[in-house]
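**Student:** Coordinates for the following, if possible.
(2 chains)
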Amino acid sequence: MSEDPKQRRWRNPIARWGRNDSPDELPIQEWQDPLQPWRENRAYKVRLFRIGHFRYYWKFRGHGSRLWHRTRWWPTRRRILLLRGGYNPKTLRAEKTISDKRPVYWIMAFALMAIMPFLVPQNLTNTLLSAAAIFAIYAAINLCWMLVIGTAGIYSLATYSVVGAAAYGTAYLSIQFGMPWWSLPFFGTFIGLVFGVLIAIPAVRLDGFYYALLTLGLNELCRVYVLQSRTFGSATGGLYGAETYIPQQWSSEHQLMLGYYASVVVMIMALSLYRLVDGRRLGRILRMAPEKREAFAEACGVNYRRARIQVFLISSTGLGAIGGFYAAHFRGASPSLFGIELVSLGLAMLVIGGMRRAEGVVLGTLIVVLVRDGLVTWGPIRLILIGIIMLAAVLFLRGGLFGIKPQFRAWRDKKKSENRSTRAEKGGEMLPEESTECRDKDQVYFRRFDKMQRDFLKTLVCDEVIEEHRRQPLGQHSEALERLLLYFRRQPQRDKYAIQAIEPFKAYRIVALSGHRGVAPREVEEKTYPSQAAAYHGVFLRRVQDLLET
Amino acid sequence: MAQIKIFGYTDKISVKPGDDIAFHVTADGTDTADAQLVRLIHGDEHPDGPGFIEQAMDCPANGDWDVKKQFTQVGSYLTVADPDGHLRLDGSFSLFAFVHPTVPQWGTRQAILGRWDITSNEGYCLGISQDGYLEFWVGDGTDMDYIRAEVPMLGNQWYFIAASFDSNNGHATLHQCSVSTRYNSRLGKVAPFDFESHVRETFRFRAKNSADIPFVMAGSRDFHELRGHFFGQAYCGKIDRPGIFERVLLAEELESIKAGDAPPGSGMVCYWDTTAGYTDKGIGDEVIDVGPHRLNAAGLNRPNRAQTGWNWNGRNDSFRLAPEEYGGIDFHADAVIDCKWDVIQTLRIPDELKSGVYAMRLRAGDGAGLAEEYIVFFVRAKTPRAKIAMLIPTASYLAYANEHLSFDAQIVQSMTGQPPIVSEIDIEMYQNEEFGLSTYDSYLDGQGVNLSSYHRPIVNMRPKARMSSMGITWQFAADLSIIGWLESRNDDYEIITDEDLHREGVDCLKPYNCVLTGTHPEYTSERMLDGLEDYVEDGGRLIYMGGNGFYWVVGFRDDEPWCMEVRKLDAAMCAWRARPGEHYLQSTGEKGGLWRHRGRPPQKLAGVGFISEGFEHCQPYRRMPDSYHRRIEWITEGIEGEIIGDFGLAHGGAGGIELDRYDLKLGTPPHALIVASSGGHTDNYVLVTEELLYAYQGLSGTQDHRIRADLVYFPAPNEGAVFSTGSIAFGQALPVNNFDNNVSKLLHNVVNTFSSDGPIPGERWVSRERQWR
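**Tutor:** Residues are numbered from 1 along each chain as shown, chains lettered A, B, ... in the order given. Down below sits the predicted model:
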């Protein structure tokens, strides 16, 4: 190598001290000023915005020294409201948030339902009350349906046919044998149970599309049967004349009102059933074993088949009872119960509100029934409107109306990271908006310091430094190499390079530490190095590369 | 087939012929292992040395051993034996305690006080939920009912907590109050937290209290099919003065207990006075119940005593001054003191077995890596015959036992100046919390580990082990280089260990003319230090073969010599620092920290003391003018030139790793001579913190003259003498060129002279120097 007289050289301070395996001097590049990045970076390169938000929702203050009596929903251990106590990170004030506000909304909704008949305008009372009764009954049916389609995740479309069968059966019993109205739900229960067994058996073997097709076929079978069968009123377009719980001598307004309240009671019962199944052990088992994940559930020791049969039986029993009530409410049943349009309308109700949640079912049903039965005057266009709403829900909402909140949050997070990526530098200083998410303000400063440090260190990487390290990975180094090494050695443990001895003094491999107690290092490459020194240099090269890449 | 792994430990570390030694072994993937007793000669496999050397020895225990998988209880607990079932509280009851949780938001449930069975959901318990809220829960065998505080607990704050259950109306009441003061907790008064919470709910049922559930503090009972019953839900933090009443304590009564008054007598079932039992000599594991039934609690894996209590006021720094302020008992979920495995084999040490370093070598499968284990122990002479003894620094082995520095300490690469080189065994040790921690690690809650024992496999007290963070051998394996050198001489040598020295004092050293230490005898108890000092004063000759020796104060309890305690504090090179007020050893009652800070710098014994450390480059010694004096010519006899030890298995030099220096101000005897000194150490060598008053630039190897190893010699009373090498790397330079080199030559000269009877040459030259040139 020819000597360049202008080439700067580093002299080893320990050159005179006895060992002759370290270099006495080495060529190095121009000295770089470590304070240079501090002079160059005196302001953010992007515009800064003010940060900070008002809180617009209520938080309870802490209780402190007062004794807090908490009441529960008898006989469970659930508190009336699920509250989460904590400290406000900005003021350290003790405060409580309602983690689950649904009970509050339900109570408000029930109160509204209770006073609804007295609020509607006189001229709309008839339409709205009968529509409201239909809403409540359909909501009850859909809740039972949701247990199968939502909680268990099985695409059964035979729900309305179970209701229809029970309605027809009980209406028939009432007409032929004069069964009283109060007995109809019980008979309905029995019919529902039989139907439940019928549709549960194939559900164990079939899944997805095939099962949906089977249940749709069942639906169609029933429809064709009742359309043809004289017994079930093929001539009259339905079977009518069953006993009803509504006293006929009452005024029509009072009759409607009774019908409405009775239906609401049925809906509340269906809600309780939904809560009991979905919120307890059975529901958890079912949610753990949705379609395509049965094998995993089974491997975990979950008997999902049994749970599915159970949920079919429970939901069908409920549907049967609702069918019995249906017959007593409408004084009979009509073939439209088996109609494909009712099935699709029902699906619309589920989808609009949001799958797998009771409030979604009820709201979806409310919207669809309101449009279909409340806006009768609009004519056929209202059905198109339902279609549009459903289409919109499917196209734009991932979890129906009640999925809007999480969906909005996810969207906001996406926007946030998009904005961040245009504004923030990777590994650069934290922007004010980022710093709000950092609990330890020391880290905010560390990011600034680290950025300056790396900007400077990058200017030190050159062939001379790499060659110097290759010749002597350990020992006294020139300032540039020493600074690089000191920086690398101080990195946090996570993903920090280390070396694993495959065979001491023969084979080494580079690994990365986990930085997590008890978790083994991971391999980063297949390559083996023949000596400690070669492995040290391999680690150095990777670290230099990582530095240059940031 | 599962990967074969085999690990073990012995019940004793130092034995004599005729003693029984028991082997505790666990194995994965095999049920037999081939056992062979070996005498260990050399460990370091560095290509510049002789490599690994062992000698197979005959013994009745050789052959196939039946081994099995064994389990270890991890975590420290207090258990209460309650044969009469006083703690089966079927009526109304109250529980209370002062607590100082360290990681309430750790993410697992932590039981503080109770009688709870995790698998069957039975009993009652006061503890902390996964998300860090104080909870009181009961179980009836199928379901559980619970009540939780309104605000989460904060780590490192003192609380008074209480729970009561009223069997008349099913009311459960939970109380959480802060008892933090200006001194005792992390946060002061200016942080506007309201820690207080009082909650009452009505439980649906009462606790079912099966007879066999134990009452536990800091844990509850769990079950595993293979393992049977064990403890889980470990708690991290302190508990102070817990109590139990068989009635509902009134708000005023709780208020008065919280204020520090003695609890009322009526209805008391138990009240563990954690401040009772302190003596001038420390405290044991038993926690005293001053209640009517005297149900003392017993410690498992050594819950840490002598810790500050809730009422510590910053004025007193020791339980010896104010025991009533030291009620804190510290619990850690990852503490392991004793694996308590079943004994797999015992061996009566044969009479013909020469004193030395031995290991039971176990091999299964391919017999390599994790399938090979050396269970090391030391055999002393029944009747000392040799003139030379090596004092094995077992206390220091304990200090470094299963250190996790490469994995957990961010600073270690900066300290050692290199990326770590970990082995398969290091990784296995890191993944397996049953092997416990060293005094260089912290528990998962961030508190330093102050206890270490050899009743667990110590994977770095193995002949082939290398210190992963430094790329060299360390402690035991490095000391085998001295053993190898002793073996290369024709003289006999015998072994004694720190444990023997601690137990027997100077008597175990007296039979020998010359005693050599290990390369790094850093941890020393008072009795050990006294023994060495008395030995030298009495005419013994000590060769201090290492660096950074006689540094930390350690303590052992007489009944449990396998467990060592150290408290790291003040200005010192330390992996962690004890909290304020927790500076005295629970094992002995003495102040911990450095011997230097207790008035006994290592210079007073060895002439040199710790000055610097660096782990990537070592330098040779160069002879100092003193070595030309007639008094000590014999030391350098036959050595050519001035450079000594420009080679070595530890980064290529005999002077390095940890360095000790001559210092008159710290008690080096004024007549001591510096034979040779190392120098030109790299900037990875930085001055030790105990030397620093102010930190300023230029305190590293290339700029500070104090950073060096001094080879120091001085004669002592009664024909005694001390020779110190002042460098850890010295020992690792001995094996180079098959023990034939100038470091080895120098040591031969010293050992030959020291071990011979009669005076040491050089005593004739006592006049004032009058020089012509």
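
**Student:** Are we agreed that residue B:329 is in a helix?
**Tutor:** No: read with DSSP: H, G, I helix; E, B strand; the rest coil, residue B:329 is strand and lies in no helix.

**Student:** Against chain A, how distant is the nearest residue to it once chain neighbours are set aside?
**Tutor:** For residue B:329, ignoring the flanking residues on the chain, the nearest one in space by Cβ to Cβ, 6 or more residues apart in numbering or on different chains is residue B:303 at 4.8 Å. Heads up, the C-betas are built off the backbone N, CA and C, glycines and all. According to Cβ to the nearest Cβ, to the nearest Å, residue B:303 and chain A sit 21 Å apart.

**Student:** ok, the residue in the stretch 1-150 of chain B that chain A sits nearest to - how many residues close by?
**Tutor:** Using Cβ to the nearest Cβ, the single residue of the stretch 1-150 of chain B nearest to chain A is residue B:150, 4.0 Å away. Other residues within reach of residue B:150, judged by other Cβ atoms under 10 Å in any protein chain shown, total 26.

**Student:** give me every residue that touches it.
**Tutor:** Residue B:150 makes contact with A:62, A:63, A:68, A:83, A:85, A:94, A:96, B:197, B:199 under the criterion Cβ atoms under 8 Å, 6 or more residues apart in numbering or on different chains.

**Student:** Quick check: the farthest pair among those?
**Tutor:** Based on Cβ to Cβ, the longest span within those runs between A:94 and B:199 and measures 13.0 Å.

**Student:** where do the contact lists of those two overlap?
**Tutor:** Joint contacts of residue A:94 and residue B:199 (Cβ under 8 Å, 6+ apart) are A:63, B:150.

**Student:** still on that earlier bit, now do the phi/psi pair for the residue of the stretch 1-150 of chain B closest to chain A.
**Tutor:** Main-chain torsions, residue B:150, degrees, to the nearest 10: phi -80, psi -30.

**Student:** what's the spacing between it and residue A:19?
**Tutor:** According to Cβ to Cβ, to the nearest Å, residue B:150 and residue A:19 sit 67 Å apart.

**Student:** now swap in residue B:580 and tell me
**Tutor:** 45 Å.

**Student:** which of those two has more neighbours?
**Tutor:** Per other Cβ under 10 Å, whichever of residue B:580 and residue A:19 has more neighbours is residue A:19, with 18 against 13.

**Student:** need the contact list for that one.
**Tutor:** Here residue A:19 is in contact with B:619, B:620, B:646, B:652, B:653, B:680 (criterion: Cβ under 8 Å, 6+ apart).

**Student:** ok, which of these also contact chain A?
**Tutor:** By Cβ under 8 Å from any Cβ of the partner chain, the members of those lying near chain A are B:619, B:620, B:646, B:652, B:653, B:680.

**Student:** Could you find the closest non-adjacent residue to the third one?
**Tutor:** Once flanking residues are discounted, residue B:646 sits nearest to residue B:620: 3.7 Å by Cβ to Cβ, 6+ apart.

**Student:** picking that back up, now tabulate the ones next to chain A among the contacts of residue A:19 in CSV and tack on secondary structure and pLDDT.
**Tutor:** Shown next, in CSV, are the ones next to chain A among the contacts of residue A:19 (DSSP: H, G, I helix; E, B strand; the rest coil; pLDDT from 0 to 100):
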residue, secondary structure, pLDDT
B:619, strand, 96
B:620, coil, 96
B:646, coil, 94
B:652, coil, 94
B:653, coil, 95
B:680, coil, 93
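
**Student:** ok, of those residues, which one's closest to residue B:390?
**Tutor:** residue B:653 (23.0 Å).

**Student:** which residues of the stretch 651-773 of chain B fall in helices?
**Tutor:** For the stretch 651-773 of chain B, the helices defined by DSSP state H, counting those that start in this stretch cover B:729-733, B:736-739, B:742-755.
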